[in-house]
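Trainee: Pasting the sequence and the predicted model now:
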Amino acid sequence: MKNMLPLIVLLLILAACKDPSVKYNQVIQNDSDYDVWIKVYERTDSAATVSFTVDSFFVASKGETIILERNGHKNMDQFKPCKMYVDSISGRAADTLLVLDLNLNSDSNYVFNEVDRNKKGGGTCECRAVFKNIHLH
């Protein structure tokens, strides 16, 4: 047992020194009265190290969807400001001719939120874009 004590202490020290884990979500929230189809056009360069949960998806009226999930280390600041990881995103209201005119390609239309922070600076964060009826024409 005495021989195990240094090993246990070393494992505890290594666990305490580990970088905090961060989960990042990029969210699109639909506050309009219309169901909307969103199309995501992925990057074509080979250096892109991200993958999308879907490439086109349906966002129900008053609903939301996560278009990107990433896990990282260090702290949440690595995801500020909200950075786009796609070539382009477009939207159209289902069963209508209405087109989403909120520019989902622009980082400035996303708001960064810390959903849950732990003591080491890790936790869960998100960048969220919200559109309403006024954004559909």
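Mentor: Ah, there it is.

Trainee: Just grab the bridge partners of residue 89 for me.
Mentor: residue 40 (DSSP bridges).

Trainee: for residue 27, same thing?
Mentor: In this structure, residue 27 has the following beta-bridge partners (DSSP bridges): residue 66, residue 128.

Trainee: got the contact list for it?
Mentor: By Cβ atoms under 8 Å, 6 or more residues apart in numbering, the contact list for residue 27 reads 64-67, 126-129. Placement of C-beta: from N, CA and C, glycine included.

Trainee: Please enumerate the strands of this structure.
Mentor: 22-30, 36-42, 56-59, 64-72, 86-93, 111-117, 123-131 (DSSP state E).

Trainee: okay, these in JSON lines with mean pLDDT and distance to residue 3 next?
Mentor: Putting those into JSON lines (pLDDT from 0 to 100; distance: least, Cβ to Cβ, whole Å) gives the following:
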{"stretch": "strand 22-30", "mean pLDDT": "93", "distance to residue 3": "37"}
{"stretch": "strand 36-42", "mean pLDDT": "84", "distance to residue 3": "53"}
{"stretch": "strand 56-59", "mean pLDDT": "89", "distance to residue 3": "56"}
{"stretch": "strand 64-72", "mean pLDDT": "88", "distance to residue 3": "36"}
{"stretch": "strand 86-93", "mean pLDDT": "81", "distance to residue 3": "54"}
{"stretch": "strand 111-117", "mean pLDDT": "92", "distance to residue 3": "39"}
{"stretch": "strand 123-131", "mean pLDDT": "94", "distance to residue 3": "37"}
